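1. coords please:
(one chain, ligands or ions: 2)
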Amino acid sequence: MTTTNAALKQWVEEVAKLTQPDKIHWCNGSDAENKALIEQMLVTGDLIKLNQKTHPNCYLHRSNPTDVARVEHLTFICTKNKDEAGPNNNWMDPAEANAKMDALFAGAMKGRTLYVIPYCMGPINSPYARCGVEITDSPYVVINMRIMANMGDAALKRIERDGVFVKGLHSIGDLDPNKRFIMHFPENLTIKSIGSGYGGNALLGKKCHALRIASYQARTEGWLAEHMLIMGIQNPAGKTRYIAAAFPSACGKTNLAMLIPPSNIPGWKIWTVGDDICWLNVGSDGQMRAINPEAGYFGVAPGTNLKTNPNAYTTIQHDTIFTNVALTADNQPWWEGMKEGTPVIDWRGNPYDPKNGPAAHPNSRFTVNAKQNPCYSPHADDADGVPISAILFGGRRRELAPLVYEARDWTHGVLVGAGMASETTAAATGAVGVVRRDSMAMKPFCGYNFGDYWQHWLSFADRTDKLPKIYHVNWFRQDKDNNFMWPGFGDNLRVLSWIFDRCEGTVGAQETAIGNLPNAQDLNTSGLDIQPDTLKELLSINKDAWRTEVEQIGEYLNEFGTHTPAKLKDQLSDVKKRLA
Ligand code: OXD
Ligand code: MN
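-> Ligands and ions are numbered 1, 2, ... in the order given. All right, here's what the predicted structure looks like:
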């Protein structure tokens with residue numbers, strides 16, 4: 001197979017000349033192709049068959065133990081001008097980066113097959129969707145990309161029709177961490193990634209294309225590519241509103257997107273549109289509309305159980321690829337927080353010994369088709385997306401941030417998103433639990449200077465007067481004994497229903513210096529075991545602590561120099577005045 005698109009044909013030929021594979025395989029995305037790849041990987045040991053009685057069509061992949069997470073320190077934005085990448089990114093000159101990568105790719109696919117993966121991020125018939133082609137030497141990448149994107153013939157047809165596509169070149173190389181780089185060339189819509197087989201570094205449609213390249217492209221084209229889940233909230237009267245919510249990696253986006261309302265709050269229902277990435281466009285009616293560019297979930301396994309996320313748990317009982325989980329004696333997948341079963345083999349494939357750490361890697365994952373989710377939204381594949389009523393920003397903050405507050409308007413909301421902070425997690429290599437600023441949860445994913453990115457966000461106030469309301473939420477407040485003060489999970493619906501009613505205009509709020517908080521009596525706590533004092537603390541602000549926070553946000557905004565929009569600084573001064 002080949003293509004009528006001359007640029008694609010030429011690129012594949014050039015890459016083959018450089019990387020010298022034994023074979024070239026153009027992926028069509030068919031069941032037969034997938035089956036053959038799985039059979040081949042079972043033979044090579046790249047996949048292990050799980051218990052087919054309990055988990056039909058489920059497989060385990062064990063990655064190299066040095067290759068288990070995103071590598072932010074090895075991820076670069078390579079624009080001609082360093083300033084364009086901004087202090088939020090590592091930068092390398094494109095000529096230097098290309099020379100370095102071409103040297104690493106030379107001969108890298110000898111003895112291997114080069115797979116050409118045409119894919120479409122988003123519903124294939126959507127004007128908001130964008131296509132790409134990933135070239136890889138990893139069959140694990142092929143079978144994961146088939147789940148995570150519209151991959152194969154239909155995507156190739158669209159590429160041939162549109163003529164534009166993002167080029168992503170990937171090789172696992174020799175998995176040497178010293179020769180591992182994830183390079184982005186947004187000016188040429190190109191990605192080059194070598195030395196890692198981990199999802200976030202190797203499934204190039206996901207973070208590399210749908211966030212870093214897409215955010216850059218979105219700025220020039222007038223839309224937003226965001227690290228957000230998308231969900232529908234249906235109230236007891238049967239009305240559905242859609243929200244998009246940005247949380248840093250491994251902070252519960254998948255759990256929130258699949259939430260099951262608590263039984264003591266009857267009549268509500270949640271619909272999942274997406275769990276990780278959201279592309280926002282202003283529709284012809286002025287309404288902000290969201291599509292999920294992904295077709296599957298690459299979710300964090302640990303902590304997933306029938307109580308925390310029954311929908312995800314059900315979703316991953318069949319046709320799922322697990323990466324770096326542990327195994328029970330009868331070959332079922334197991335991870336910490338599973339609540340049932342006993343691990344006997346750890347994620348490295350060794351007999352489980354608690355002395356060696358957790359049985360499953362803390363960043364072990366499942367890859368599964370989104371359509372297997374019992375609450376998959378019937379509108380998830382709508383070509384013009386779903387209309388967004390509210391945008392939520394949230395992080396892990398054990399102190400300071402109240403349970404929920406509403407921004408005064410869009411411009412103030414952009415400040416709320418820009419000033420966001422959260423504790424780091426195992427989704428990226430490096431220390432865990434360190435609070436860092438993570439604007440709009442995009443710190444690892446924005447393909448250009450945050451100062452310009454905030455300006456782009458602000459510009460939407462001039463594009464439409466039908467903008468969503470903006471909120472900040474925090475499920476992770478802890479008391480002085482380190483107990484979580486809010487139960488989280490399904491009970492987060494109590495906060496979502498307040499937000500829903502605010503969008504309807506049917507509930508009031510208390511105005512504070514940082515924004516509008518719920519009046520305690522307006523938060524539905526029916527059947528919830530929570531002390532009035534705890535609730536009071538969750539729904540109030542500590543002015544002293546916020547004064548310090550505002551100072552720190554000011555210092556952070558200043559790091560972006562002349563790129564920081566004056567409007568954001570003005571907003572911050574207003575908050576400061578209100579706190580005085
Ligand atoms: C992810 C991440 O895998 O954010 O979604 O790291
Ligand atoms: Mn993510």
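2. give the contact list for whichever residue of the stretch 401-550 of the chain sits closest to ligand 2.
-> The minimum distance from the stretch 401-550 of the chain to ligand 2, using CB to the ion, falls at Ala427 (7.0 Å). In short, each C-beta sits where N, CA and C put it, glycine included. Shown in contact with Ala427 (CB atoms under 8 Å, 6 or more residues apart in numbering): Ala69, Arg70, Gly200, Pro248, Ser249, Ala250, Val300, Asn363.
3. same check, this time on Val575
-> Leu415, Ala513, Ile514, Val550.
4. repeat for Asn201
-> With contact taken as CB under 8 Å, 6+ apart, Asn201 is in contact with Asp67, Arg70, Val71, Thr75, Arg180, Ile182, Ser193.
5. these: which ones sit near ligand 1?
-> The subset of these within reach of ligand 1, by CB under 6 Å from any ligand atom, is Arg70.
6. within range of ligand 1, give me the residues from the stretch 151-300 of the chain.
-> Near ligand 1, when you scan the stretch 151-300 of the chain using CB under 6 Å from any ligand atom, you find Gly200, Ser249, Asp276, Phe298.
7. from those, which single one is nearest Gln478?
-> Distances from Gln478 to those, taken as CB to CB, are shortest for Ser249 (20.1 Å).
8. how about stretch 320-330: buried residues?
-> Using 16 or more other CB atoms under 10 Å as the test for burial, stretch 320-330 gives Thr320, Ile321, Phe322, Thr323, Asn324, Val325, Ala326, Leu327, Thr328.
9. correct me, but the last one touches Gly341?
-> Yes - the criterion here is CB atoms under 8 Å, and Thr328 meets it with Gly341 at 4.6 Å.
10. need the overlap of contacts for the two.
-> In contact with both Thr328 and Gly341: Trp334, using CB under 8 Å, 6+ apart.
11. Asn350 reaches Asn356, doesn't it?
-> Yes - between Asn350 and Asn356 there is a contact under CB under 8 Å: 7.2 Å.
12. for whichever residue of the stretch 351-500 of the chain sits closest to ligand 1, give its distance to Cys251.
-> Proximity of the stretch 351-500 of the chain to ligand 1 (CB to the nearest ligand atom) peaks at Ala427, 3.7 Å away. For Ala427, the distance to Cys251 equals 9 Å [CB to CB, to the nearest Å].
13. and the helices in the stretch 351-500 of the chain?
-> Here the stretch 351-500 of the chain has its helices, by DSSP state H, counting those that start in this stretch, at 410-418, 450-463, 493-504.
14. what do you get for the stretch 51-200 of the chain?
-> For the stretch 51-200 of the chain, applying DSSP H, counting those that start in this stretch gives helices covering 82-85, 94-105, 139-148, 153-162, 199-202.
15. please identify which of the helices of the stretch 351-500 of the chain is closest to Lys157.
-> With respect to Lys157, and counting by CB to CB, the nearest of those is helix 450-463 at 31.9 Å.
16. what's the burial count for the residue of the chain found nearest ligand 1?
-> Nearest residue of the chain to ligand 1: Ser249, at 3.1 Å (CB to the nearest ligand atom). Using other CB atoms under 10 Å, Ser249 is surrounded by 24 other residues.
17. do you know how far it is from Cys503?
-> According to CB to CB, Ser249 and Cys503 sit 27 Å apart.
18. same thing with Ser459?
-> 23 Å.
19. neighbour count for these two, which is higher?
-> Higher neighbour count among Ser459 and Cys503: Cys503, with 17 against 13, using other CB under 10 Å.
20. ok, and the closest non-adjacent residue to that one?
-> The shortest distance from Cys503 to any non-neighbouring residue, by CB to CB, 6 or more residues apart in numbering, is to Ser389 (4.5 Å).
21. run through the bridge partners of Thr240.
-> Taking DSSP bridges as the rule, Thr240 bridges to Gln234.
22. hmm, it is touching Trp268, no?
-> No - with contact defined as CB under 8 Å, Thr240 does not reach Trp268; the gap is 10.5 Å.
23. picking up where we left off before, and the contacts of Val575, which two are the farthest apart?
-> Longest span within the contacts of Val575, CB to CB: Leu415 and Ala513, 12.7 Å.
24. rewinding a little: out of the contacts of Asn201, who has the most neighbours?
-> With neighbours defined as other CB under 10 Å, the most crowded of these is Ser193; it has 28 neighbours.
25. I'd say it and Leu169 touch.
-> Yes - using CB under 8 Å, Ser193 is in contact with Leu169, at 7.2 Å.
26. and Gly419, how close does it get to Ala441?
-> For Gly419, the distance to Ala441 - CB to CB - is 12 Å.
27. return the item of the contacts of Ala427 having minimum pLDDT.
-> Within the contacts of Ala427, Ala250 has the lowest pLDDT, namely 85.
28. any idea how many residues pack against that residue?
-> Residues lying near Ala250 (other CB under 10 Å) number 21.
29. related to what we said a few turns ago, will you turn the helices of the stretch 351-500 of the chain into a markdown table that also has mean pLDDT and distance to Cys375?
-> Output for the helices of the stretch 351-500 of the chain, formatted as a markdown table (pLDDT from 0 to 100; distance: least, CB to CB, whole Å):
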| stretch | mean pLDDT | distance to Cys375 |
| --- | --- | --- |
| helix 410-418 | 98 | 27 |
| helix 450-463 | 98 | 29 |
| helix 493-504 | 98 | 13 |
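30. pick the most deeply packed of these.
-> helix 410-418 (a mean of 23; mean count of other CB atoms under 10 Å).
31. which residues touch that one?
-> Contacts for helix 410-418 (CB under 8 Å, 6+ apart): 246, 391, 393, 407, 439-440, 450, 454, 457-458, 460-461, 467, 469-470, 472, 515, 553, 557, 567-568, 571-572, 574-575.
32. from the chain's centroid, how far away is stretch 171-187?
-> On the basis of CA atoms, centre = their mean, to the nearest Å, stretch 171-187 sits 20 Å off its chain's mean C-alpha point.
33. and that stretch, which residues are buried?
-> Ser171, Ile172, Gly173, Lys179, Arg180, Phe181, Ile182, Met183, His184, Phe185, Pro186.
34. ditto for stretch 83-100
-> Using 16+ other CB under 10 Å as the test for burial, stretch 83-100 gives 83-86, 88-92, 94, 97-98, 100.
35. returning to that earlier point: shared neighbours, Asn350 and Asn356?
-> With the criterion set as CB under 8 Å, 6+ apart, the contacts of Asn350 and Asn356 do not overlap.
36. now do the residue nearest to Asn5 when sequence neighbours are not counted, the pLDDT please.
-> Distances taken as CB to CB, 6+ apart put Glu160 closest to Asn5, at 5.1 Å, once the chain neighbours are dropped. At Glu160, the predicted lDDT confidence score is 97.
37. just Trp347 next, same as before
-> Reported pLDDT for Trp347: 98.
38. check Thr75 too.
-> 97.
39. dump the residue contacts of it.
-> Asn89, Asn90, Phe181, Ile182, His184, Asn201, Pro444.
40. from those residues, which is closest to ligand 2?
-> Pro444 (8.6 Å).
41. quick one: neighbours of the closest one, just the number.
-> Applying other CB under 10 Å, we find 21 residues neighbouring Pro444.
42. go ahead and confirm Pro358 touches Pro302.
-> Yes - the pair Pro358 and Pro302 qualifies as a contact (CB under 8 Å) at a distance of 7.5 Å.
43. so what sits against both of those two?
-> Common neighbours of Pro358 and Pro302 (CB under 8 Å, 6+ apart) are Glu336.
44. who's more crowded, the two?
-> Neighbour comparison, Pro358 and Pro302: the larger count goes to Pro302, with 21 against 18 (by other CB under 10 Å).
45. so that one: helix, strand or coil?
-> Secondary structure of Pro302, reduced to three states by DSSP: H, G, I helix; E, B strand; the rest coil: coil.
46. next one: it, what pLDDT does it get?
-> We have a pLDDT of 96 for Pro302.
47. and if you look at the one 10 residues further on?
-> According to the per-residue confidence, Ala312 scores 96 in pLDDT.
48. wait, Leu557 sits on Gln571?
-> No - in this structure Leu557 lies outside contact range of Gln571 using CB under 8 Å: 9.9 Å.
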